[in-house]
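In: Pasted the sequence and its predicted model underneath.
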Amino acid sequence: MKLDGKVVVVTGGGSGIGQELVLALLARGARVAAVDLRMDGLKETQTRAKAGDRLSLHEANIADREAVMALPDAIETAHGAVDALINNAGIIQPFEDFNDLAFDVIDRVVDVNFGGPINMTKAFLPRLMARPEAHLVNVASMGAFIPFPGQTMYSATKAGVKLMTEGIYAELMNSRVDVSVVMPGAVNTHITENSGVKMSGSADASGARMTSAPDAARIILDGMEAGKLHILVGSDSKMLFRLVRLAPTWAIGFIQKQMAKMAK
């Protein structure tokens, strides 16, 4: 689906990859509804975009089902029918083993990373299915296909997003809705700060160069327009996606050793 002239909803549109997705979509001629928990981030996106009425801002918590179910009508009022949804918003967990994680931390990660895409997809999918052509995109992580010690619940939620997306893809194969799951590697964003997490060292456990947020957005939108099911972002994600299939036990051990180095 070409994005020029389409109406696209982007969650997490106030920072990081989400903000760059908004800017890149506008540059490709789309109308964009940016959704974020923080209005200050959305205002920054608006200032950078200078897009007039082609951009609307929607402050909402994607983990709040009632708030999410009100979004389709609000966005259609601003732009007309929605053609695509990009579920990008997400958080990481503190770098702690599962055994040490408090239940409230686990619940927050599950509610935002898995519950959020569920809520948004349930709210918008019926309307996407009514369009002449449409696209659903869920952003997971390379943690969806290979475990990262100290990020077990984050990886588990992203694995849930991956399989949910693939299941919806199978259900909609004969429909007019394209479906994609994005699996970024390490991307240079402020996700740790926005998640309220402190860490030291590089966020990339594979040793590969981090992908910039603008490059990540470009790769995602190119993958959308090409109709790809799996969109891998970064050389680290591409390398590990192949490696975990060829030698899963070795690959998991490799990541464990890299994460142990980061913790020192």
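Out: Arrived safely, thanks for sending. Numbers count the residues shown, from 1 in each chain.
In: In this structure residue 75 contacts residue 58, no?
Out: Yes. At 6.8 Å, residue 75 counts as touching residue 58 under the criterion of CB atoms under 8 Å. Placement of C-beta: from N, CA and C, glycine included.
In: shared neighbours, those two?
Out: residue 33 (CB atoms under 8 Å, 6 or more residues apart in numbering).
In: which one of these two has more residues nearby?
Out: Taking other CB atoms under 10 Å, residue 75 and residue 58 do not tie; residue 75 has more neighbours (25 against 20).
In: show me what contacts that one?
Out: So residue 75 contacts 7, 9, 33, 56, 58, 82 (CB under 8 Å, 6+ apart).
In: Select from the residues you listed every entry located in strands.
Out: Judged by DSSP state E, these include 7, 9, 33, 56, 58 as members of strands.
In: can you pick the most crowded of the residues you listed?
Out: Most crowded among those, counting by other CB under 10 Å, is residue 9 at 26 neighbours.
In: residues touching that residue, list them.
Out: Neighbours of residue 9 in contact, by CB under 8 Å, 6+ apart: 32, 33, 35, 71, 75, 82, 84, 85, 86, 120, 124.
In: Name the nearest of those relative to residue 63.
Out: Among these, residue 120 lies closest to residue 63 (CB to CB), at 10.2 Å.
In: Tell me where the stretch 101-250 of the chain has helices.
Out: 103-110, 116-129, 152-171, 191-194, 213-226, 235-246, 248-263 (DSSP state H, counting those that start in this stretch).
In: For residue 92, find the nearest of the ones you listed.
Out: helix 152-171 (5.0 Å).
In: Can you point out the buried residues in the closest one?
Out: 152-162, 164-166, 168-169 (16 or more other CB atoms under 10 Å).
In: what's that helix packed up against?
Out: helix 103-110, helix 116-129, strand 134-139, strand 177-184 (3 or more CB pairs under 8 Å, 6 or more residues apart in numbering; DSSP states H and E).
In: Go through those and name the closest to residue 254.
Out: strand 177-184 (17.5 Å).
In: Kindly calculate the angle that the closest one makes with helix 152-171.
Out: Angle between the axes of strand 177-184 and helix 152-171 is 160 degrees (criterion: axes from the mean of the first three to the mean of the last three CA atoms, to 10 degrees).
In: So what touches strand 177-184?
Out: 1, 17, 125, 128-129, 131, 133-142, 144-145, 161-162, 165-166, 168-169, 172, 211, 216, 220, 223-224, 227-234, 237, 241.
In: now could you export just the CA positions of it as PDB?
Out: Taking Å, rounded to 0.1, in the frame of the first residue of the first chain, the C-alpha atoms of strand 177-184 are listed here in PDB:
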ATOM      1  CA  VAL A 177      -5.600  -5.700   4.900                       C
ATOM      2  CA  ASP A 178      -1.800  -6.100   4.800                       C
ATOM      3  CA  VAL A 179      -0.200  -7.100   8.100                       C
ATOM      4  CA  SER A 180       3.400  -6.600   9.200                       C
ATOM      5  CA  VAL A 181       5.400  -7.200  12.400                       C
ATOM      6  CA  VAL A 182       8.500  -5.100  12.900                       C
ATOM      7  CA  MET A 183      11.500  -6.500  14.800                       C
ATOM      8  CA  PRO A 184      14.000  -3.800  15.500                       C
END
